[in-house]
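Visitor: the following block contains a protein sequence and its predicted model.
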Amino acid sequence: MSRKVLLDSNQIHIILHRLACQLVEKHTDFKNTVLVGIQPRGIYVANRLEKILKQEYGLKDIKTGQLDITFYRDDFRRGEKPLEANKTRIDFVVEDKRVVFIDDVLYTGRSIRAALTAIQSFGRPSEIELLSLIDRRFSRHLPIQPDYNGRQVDAINEEKVKVSWEENDGEDAVYLISK
Ligand SMILES: O=P(O)(O)OC[C@H]1O[C@H](OP(=O)(O)OP(=O)(O)O)[C@H](O)[C@@H]1O
Ligand SMILES: O=c1cc[nH]c(=O)[nH]1
């Protein structure tokens, strides 16, 4: 197995700040906008962006939730183990809100397809956008593209992009892992 660094912590820092800036450019005061991190790994990106938006743009009332998609998937990529759900926490109104889905990697698009179904249980947003830290382009199975994109990566199917976070994995880094 080999592991190549695609982004180091400094590059991730710069990209997160740029993405936060793009969100502010579009959503200004976030009065009608909510952020929704896709479980399990999108929540790290969502929490980081929330922190930047609060600290650097003074957006104290920003609303951030977490959405589990486990039982909305249409594929069985998660392997032989029994499916275990993550936590969904949406403690705000979604009806008529502008929702921004946030995830770490966009690959086939099937996770986001599942998220589009899962969010319906909470209401009908006026708009849904997608922010992805990594866009594995040319890998899509569905017509789903990010509105905000950290970095595009070309990788073959046998490779995996792994995003590590300081608070979970001990470091901020993005790796390309080849078998
Ligand atoms: O666009 P997709 O093909 O759906 O892939 C993207 C999803 O895969 C990863 O999740 P997770 O680690 O849960 O999935 P994995 O086991 O396939 O890596 C990642 O955090 C995205 O949510
Ligand atoms: O490369 C990939 C593909 C799907 N999910 C990931 O986290 N990485």
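Guide: Received it, and whenever you're ready, just let me know what you need. Ligands and ions are numbered 1, 2, ... in the order given.
Visitor: where does this structure have low pLDDT?
Guide: Applying pLDDT under 70 to the chain flags the ranges 76-80.
Visitor: give the contact list for the residue sitting nearest the centre point of the chain.
Guide: Nearest to the geometric centre of the chain sits Asp103, at 1.1 Å (CA atoms, centre = their mean). The contact partners of Asp103, by CB atoms under 8 Å, 6 or more residues apart in numbering, come to 37-38, 41-42, 45, 111-112, 130-133. For glycine as for every other residue, the C-beta is placed from the backbone atoms N, C-alpha and C.
Visitor: quick check, Glu167 in contact with Ile43.
Guide: No. The pair Glu167 / Ile43 is not scored as a contact, 10.4 Å apart, by CB atoms under 8 Å.
Visitor: who has more neighbours out of those two?
Guide: Taking other CB atoms under 10 Å, Glu167 and Ile43 do not tie; Ile43 has more neighbours (24 against 9).
Visitor: hmm, Leu83 is touching Phe71, no?
Guide: Yes. Using CB under 8 Å, Leu83 is in contact with Phe71, at 7.1 Å.
Visitor: assign the closest residue to Asp61 other than its chain neighbours to helix, strand or coil.
Guide: The spatial neighbour of Asp61 that comes closest, neighbours along the chain excluded (CB to CB, 6 or more residues apart in numbering), is Phe30 at 7.4 Å. Going by DSSP: H, G, I helix; E, B strand; the rest coil, the secondary structure assigned to Phe30 is coil.
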